[in-house]
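> need a structure here:
(2 chains)
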Protein chains: 2
Amino acid sequence: MAGGGAARGPIEFYFDPISPYGYLATTQIDAIAERHGREVDWKPVLLGVTVMKVMGLPPLMQTPLKKDYVAHDKNRMARLLGVPMVDRPHGLAPGINSLAACRAFLWLKQADPSLAKRFAKRICARLWAEGGDITAAEAVADEAAALGADRDAVRTAIESPEMKAALKAAVEAAVAKGVFGVPTFIVDGEAIWGVDRLWMVEHWLRHGTWARQR
Amino acid sequence: MAGGGAARGPIEFYFDPISPYGYLATTQIDAIAERHGREVDWKPVLLGVTVMKVMGLPPLMQTPLKKDYVAHDKNRMARLLGVPMVDRPHGLAPGINSLAACRAFLWLKQADPSLAKRFAKRICARLWAEGGDITAAEAVADEAAALGADRDAVRTAIESPEMKAALKAAVEAAVAKGVFGVPTFIVDGEAIWGVDRLWMVEHWLRHGTWARQR
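Below you'll find the model as predicted:
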């Protein structure tokens, strides 16, 4: 975990489009990495698995006190970062999920990681900046096609056993690395959770140590 | 919630000595407030009530994945802030609680808020910087007496119905304001949760708005 100028691996960026904080991170992490000469490897995860099944916790927007905090906090965090955010004081409508989007992301990433990133940013923006839905395979394929992907191939991939298995494996791999929330950044083995901790990501990228800098 | 130079109320600082992040905040918040000409009103809260009873969540160190994250994170956060932290990879021993400490704090605060702050800092440091215990009334009274308080009066206060009721009321008042975690800072009505968000406290104190500053 040494700092300095040696060539180092990419920043692992774990996101789930279902999270407003994940969306906010999609608008920031590439620029931060670029300033420090680092790549970013985008990895989807499902909060429905990590938070609800593995950790045994209720969804954020069903947690007393915290749900009210988040309803306000996501908006002020968007203002701080200078990006749009729709106001959804009661959270997402029941049934909205990111399964199709995450499968499509993994399929796109196989051939073109850069395209997959642009797709993930669009999906997150559709949900959190524009107030749209991302659940239906049709909507997901629309976004991919708008970026130049083969619409029918995306539709097929979303329902394919291969992509279902790939997403399951991706989530299991994330959990094996200790990822539970979104966004999580893993930099040189250091897992950093939360868009409110981008300053820690920057600190590590700059100094390569947690020792206090004066 | 306007910024600018008008006289404003104190920063409300909610802490529970049981939290390592609460301890870390006790080492920082007064200096931050002083830089901006603000006072800090320290208010104890009990995570056993807010997290477990009101939110219905398990203790942090019994939550899969998160407990491992916190075990490492509290240490690196201490390094970042330049303050000591004992390594407790498995969390606090069962039975450690802050009831006596919080009651003593409220009693001390009635007569001398400044002394109560110094006492709270000592209690947190005893638990998190020195690896001691803070559960027994005897230990709590030791710390208060070392700062000049009347030892027997502290002992009596800890067991008094008045201080038990005062702590209960303090926790209820915190919950009524939406406080769930520790540390929470309320600045001009804005609740900010987490020692990792001291940058947001600073941002608000400096600018009085969440609008992005360029």
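> can you list the residues of chain A near chain B?
Counting by C-beta under 8 Å from any C-beta of the partner chain, chain A comes close to chain B at A:50, A:54-58, A:63-66, A:68-69, A:76, A:79-82, A:175, A:178-180, A:190-191, A:193-194, A:196-197, A:199-200, A:203, A:210-212. (Each C-beta comes from the backbone N, C-alpha and C, glycine too.)
> if you set the cut-off to 6 Å instead, what comes out?
A:54-55, A:63-66, A:68, A:76, A:79-80, A:82, A:178, A:180, A:196-197, A:199, A:210-212 (C-beta under 6 Å from any C-beta of the partner chain).
> so of these, which ones are in helices?
Mapping the residues of chain A next to chain B onto helices (DSSP state H) picks out A:66, A:68, A:76, A:79, A:80, A:199.
> Just the buried ones from these?
Using 16 or more other C-beta atoms under 10 Å in any protein chain shown as the burial test, these include A:66, A:76, A:80 as buried.
> Least confident of those residues?
Minimum pLDDT for these is recorded at residue A:66 (95).
> Residue A:91 touches residue A:62, doesn't it?
No: if you go by C-beta atoms under 6 Å, residue A:91 and residue A:62 don't touch, sitting 8.1 Å apart.
> Show me which of those two is the more surrounded one.
residue A:91 (17 against 11; other C-beta atoms under 10 Å in any protein chain shown).
> Give me the nearest residue to the more buried one, chain neighbours excluded.
residue A:61 (3.2 Å; C-beta to C-beta, 6 or more residues apart in numbering or on different chains).
> low-confidence ranges in chain A?
Applying pLDDT under 70 to chain A flags residues A:1-7.
> Now do the helices in it.
A:20-26, A:29-35, A:47, A:66-81, A:99-111, A:113-128, A:137-146, A:151-158, A:161-176, A:198-207.
> quick one, which of those helices is packed in tightest?
helix A:20-26 (a mean of 25; mean count of other C-beta atoms under 10 Å in any protein chain shown).
> gap between that one and the chain center?
Its chain's average C-alpha position is 6 Å from that of helix A:20-26, according to C-alpha atoms, centre = their mean, to the nearest Å.
> now do stretch A:138-156
20 Å.
> Regarding that stretch, how distant is the last residue from the first?
11 Å (C-alpha to C-alpha, to the nearest Å).
> what does that stretch rub up against?
Under the contact criterion C-beta atoms under 6 Å, 6 or more residues apart in numbering or on different chains, stretch A:138-156 has outside partners A:100, A:101, A:104, A:118, A:119, A:122, A:123, A:137.
> Also stretch A:199-214?
Contacts of stretch A:199-214 with the rest of the structure, by C-beta under 6 Å, 6+ apart, involve A:2, A:3, A:36, A:185, A:187, A:190, A:192, B:76, B:79, B:80, B:82, B:199.
> if we go to 7 Å?
For stretch A:199-214, the external contacting residues (C-beta atoms under 7 Å, 6 or more residues apart in numbering or on different chains) are A:2-4, A:32, A:36, A:38, A:185, A:187-188, A:190, A:192, B:76, B:79-82, B:199.
> Touching, residue A:184 and residue A:194? I think so.
No: counting by C-beta atoms under 7 Å, residue A:194 is not a contact partner of residue A:184; they are 8.1 Å apart.
> okay, now residue A:194: neighbour count?
18.
> same deal with residue A:58?
Neighbours of residue A:58 (other C-beta under 10 Å): 16.
> separation between it and residue B:184?
20 Å (C-beta to C-beta, to the nearest Å).
> still on that earlier bit, need the contacts of stretch A:138-156 in TSV (columns: distance to residue B:165).
Listed next are the contacts of stretch A:138-156 as TSV, based on distance: C-beta to C-beta, whole Å:
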residue	distance to residue B:165
A:100	54
A:101	52
A:104	57
A:118	59
A:119	57
A:122	55
A:123	52
A:137	58
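> between those residues, which is closest to chain B?
For the contacts of stretch A:138-156, the minimum distance to chain B (C-beta to the nearest C-beta) is 22.4 Å, reached by residue A:122.
> From chain B, how far off is the residue lying closest to the closest one once chain neighbours are set aside?
Nearest residue to residue A:122, sequence neighbours excluded (C-beta to C-beta, 6+ apart): residue A:143, at 4.8 Å. Residue A:143 sits 27 Å away from chain B, going by C-beta to the nearest C-beta, to the nearest Å.
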